[in-house]
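Colleague: need the 3D shape of this:
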Amino acid sequence: MTADRATVLAGAVLAGAAPTGRAGPDATGSDGTGSAPPRAALVARARIRAEPDGRGATALPVLSGAGPLAPRRTRDVDGGAQVVIVGAMAAPLGGDRLALAVEVADGAALTVTSAAATISLPGPGPARYDVELTVGEGARLDWRPEPVVAAAGSHLVLHTRITLAAGALLRYREEQVLGRHHDWARAAGPGRLTSRLTVRRAGRLLLDQQTDLGPGAPGWDGPAVLGGHRAVGQLLTVGHPPPAPPASGDAALFVLSDPDAQVLAAVTPDALALRRALGGA
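Modeller: Numbering: from 1, shown residues only. Sure thing, here's the model as predicted:
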């Protein structure tokens, strides 16, 4: 495995609340057959807004959850507020429509993590998850949730849009894993994950890339893409010192058209190796 594969993947860089209980895909139906009962697709949107509180800290005037997206404030970190996204129910299942909007106002600082991985599960049609991140002048966002995992039979369409002011600071970690361990153990294989990341800074396009991985995506497991690996991710930094150069051939560091922005991209055998390749950030 060499940096060439990470280069190919990063080469696309071009310029209210729902019910809290529902049956998952492994639930047993009322007839005892083991089939899940029919369910309606879930539509849920959550919002987070961070702004200076006037005393040198960051307030969260908007912390609104919906469906599976339950944001919770935890202990402040690095002089800013910290929010953990808790999964309140199994999601996304096929057909679901989820959205999360995060706004960091001028001068505020926010770290967003998650309590566990986001596991895409099978259902009728693809699920969609839209993430909007807006960071104001002199504001800082550290985005580092746990991985997105595409379980066997699922298809998740994920689009993250990031809008940065000229003086905004960003650390954005993205980790994607194809299949759970037992999916591979029983030869079920992974699900499909179609992901797009669009970043604009001061109104100018900084990054626009898309990957399509998993069954049904052309060439996804060939030597030019994953080549038998199962985890892919990147660390995007804007306005921060660049990440340390990669220590292995599974990662590559790219400087974008704005020299203040860098992407560390990695392709690895599993989620643990991916986290290490991204520096454990």
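Colleague: hey, let's count contacts and neighbours off CA atoms from now on
Modeller: Will do.
Colleague: regarding L274, what is its secondary structure?
Modeller: At L274 the chain is in helix, as set by DSSP: H, G, I helix; E, B strand; the rest coil.
Colleague: hang on, it packs against L264?
Modeller: No - between L274 and L264 there is no contact under CA atoms under 8 Å: 11.2 Å.
Colleague: next helix or strand past the helix or strand bottoming out on mean pLDDT in the chain?
Modeller: Lowest mean confidence among the helices and strands of the chain (mean pLDDT, DSSP states H and E): helix 3-10, at a mean of 44. Downstream of helix 3-10, the first helix or strand assigned by DSSP states H and E is strand 43-52.
Colleague: helices or strands next to that next one in the packing?
Modeller: Packing partners of strand 43-52 (3 or more CA pairs under 8 Å, 6 or more residues apart in numbering; DSSP states H and E): strand 58-64, strand 69-77, strand 97-104, strand 109-114.
Colleague: so what secondary structure elements neighbour the last one?
Modeller: In terms of contacts (3+ CA pairs under 8 Å, 6+ apart), strand 109-114 is packed against strand 43-52, strand 80-87, strand 140-143.
Colleague: swap in the first one?
Modeller: Strand 58-64 is packed against strand 43-52, strand 69-77, strand 80-87, with contacts defined by 3+ CA pairs under 8 Å, 6+ apart.
Colleague: any idea what the residue nearest the centre of the chain is bridged to?
Modeller: Centre of the chain computed as the mean C-alpha position; nearest residue by CA atoms, centre = their mean is E174, 4.9 Å away. E174 has these beta-bridge partners by DSSP bridges: Q234.
Colleague: quick check: it vs L278, distance?
Modeller: Distance of E174 to L278, given as CA to CA, to the nearest Å: 10 Å.
Colleague: overlap in contacts of those two?
Modeller: Listed as contacting both E174 and L278 by CA atoms under 8 Å, 6 or more residues apart in numbering are 233-235.
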